[in-house]
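Trainee: Please find the sequence and the predicted model below.
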Amino acid sequence: MLNLHALSVTEIKKRREFKCVHHHTGLDHPNCFDQANGLVEKVAYFDIESSNLTSDFGIVLCYALKHKDGIISNSITPQELKEGSFDRRLMSDLCEHLRQFDRVITWYGYKFDIPFVRSRAMLHKLDFPLYKEVWHTDAYQKAKVLIRTLHSKRLGVVSNFLGIEAKEHPLNPDIWLSCLSGNQKAIDFVQTHCDEDVTSLEAVWKRLAPYQKLSKSTI
């Protein structure tokens with residue numbers, strides 16, 4: 001829903017004078033106005049799962065990017081673990097996938113996901129997106145302000161509070177450790193967990209988004 005209070009007088013005037021193919025103004029059909037004026041960003045909801053919380057001792061096990069047409073899911077393979085290339089191919093793929101979007105939305109990505117994958121890409125000497133190539137919004141940082149009175153800002157807690165389905169494949173340390181031995185079933189479980197996270201994240205973000213304006217923060 002269009003928030004008129006976030007628009008300037010000039011922006012409201014432009015939208016009122018605009019007519020879309022459906023013969024409506026830019027106030028009645030804001031999506032038509034945004035598309036016609038190049039204001040629609042290609043957005044993906046991004047999450048990773050790693051073997052450790054530090055990027056020099058851990059590797060990326062998988063990542064997920066949920067966009068309007070589906071989910072890009074990508075995980076490490078048993079062969080890559082066996083041969084010792086670890087997450088090099090995964091990070092190379094991620095660098096390409098991130099550039100397909102104008103903005104990625106994460107949960108706690110400002111302090112974890114983004115610096116972790118950047119570190120891993122730098123280790124492998126890969127071409128990670130540079131300053132201002134891809135915008136980034138950390139929904140967790142927004143939630144800390146918008147719903148600061150919740151006892152916890154974990155994605156699962158916020159999802160449950162807002163009546164949004166959370167993960168059916170919860171964190172399990174034994175499964176995460178099994179990934180490092182090349183257990184394909186464990187890797188698939190972790191990938192599903194990651195996919196569920198970005199699905200919940202999208203739903204949570206759509207509840208939070210109307211209460212703020214997106215900033216130009218870069219990954």
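Mentor: Sure thing, it's come through.

Trainee: Buried residues of the helix-or-strand element of the chain with minimal mean pLDDT, list them for me.
Mentor: Confidence across the helices and strands of the chain bottoms out at helix 30-36, with a mean of 82, counting by mean pLDDT, DSSP states H and E. Buried positions in helix 30-36, judged by neighbour count with 16 or more other Cβ atoms under 10 Å: 30, 32, 33. (C-beta placed from N, C-alpha, C; glycine too.)

Trainee: The first one: what's it in contact with?
Mentor: I take that to be residue 30. 2, 15 (Cβ atoms under 8 Å, 6 or more residues apart in numbering).

Trainee: what ranges do the strands span in this protein?
Mentor: Taking DSSP state E, the strands of the chain run over residues 43-50, 60-67, 70-75, 103-106, 135-138.

Trainee: Outline the domain layout of this structure.
Mentor: 1-40, 41-211 (automatic domain parsing).

Trainee: Check the offset of the last one from the chain's centre.
Mentor: If I follow you right, that is domain 41-211. Domain 41-211 sits 7 Å away from the centroid of its parent chain (Cα atoms, centre = their mean, to the nearest Å).

Trainee: By residue count, what's the longest helix in the chain?
Mentor: helix 184-208 (DSSP state H).

Trainee: and it, what does it pack onto?
Mentor: strand 43-50, strand 60-67, strand 70-75, strand 103-106, helix 139-146, helix 155-161, helix 173-179 (3 or more Cβ pairs under 8 Å, 6 or more residues apart in numbering; DSSP states H and E).

Trainee: Output stretch 128-146 in CSV, but only the C-alpha positions, please.
Mentor: C-alpha atoms of stretch 128-146 as CSV (Å, rounded to 0.1, in the frame of the first residue of the first chain):
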residue,chain,number,x,y,z
PHE,A,128,32.6,-9.9,-5.0
PRO,A,129,30.2,-7.0,-5.8
LEU,A,130,31.9,-3.6,-5.1
TYR,A,131,30.7,-0.5,-3.2
LYS,A,132,27.3,0.6,-4.5
GLU,A,133,26.9,-2.3,-7.0
VAL,A,134,24.2,-3.9,-4.9
TRP,A,135,22.1,-2.2,-2.2
HIS,A,136,21.5,-4.0,1.1
THR,A,137,18.8,-3.8,3.7
ASP,A,138,19.2,-5.6,7.0
ALA,A,139,15.6,-6.3,8.2
TYR,A,140,16.9,-7.2,11.7
GLN,A,141,18.3,-3.7,12.2
LYS,A,142,14.9,-2.3,11.2
ALA,A,143,13.0,-4.7,13.5
LYS,A,144,15.2,-3.6,16.4
VAL,A,145,13.6,-0.2,16.1
LEU,A,146,10.1,-1.0,14.8
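
Trainee: in it, what's buried?
Mentor: In stretch 128-146, counting by 16+ other Cβ under 10 Å, buried: 128, 129, 134, 135, 136, 137, 138, 139, 140, 141, 142, 143.
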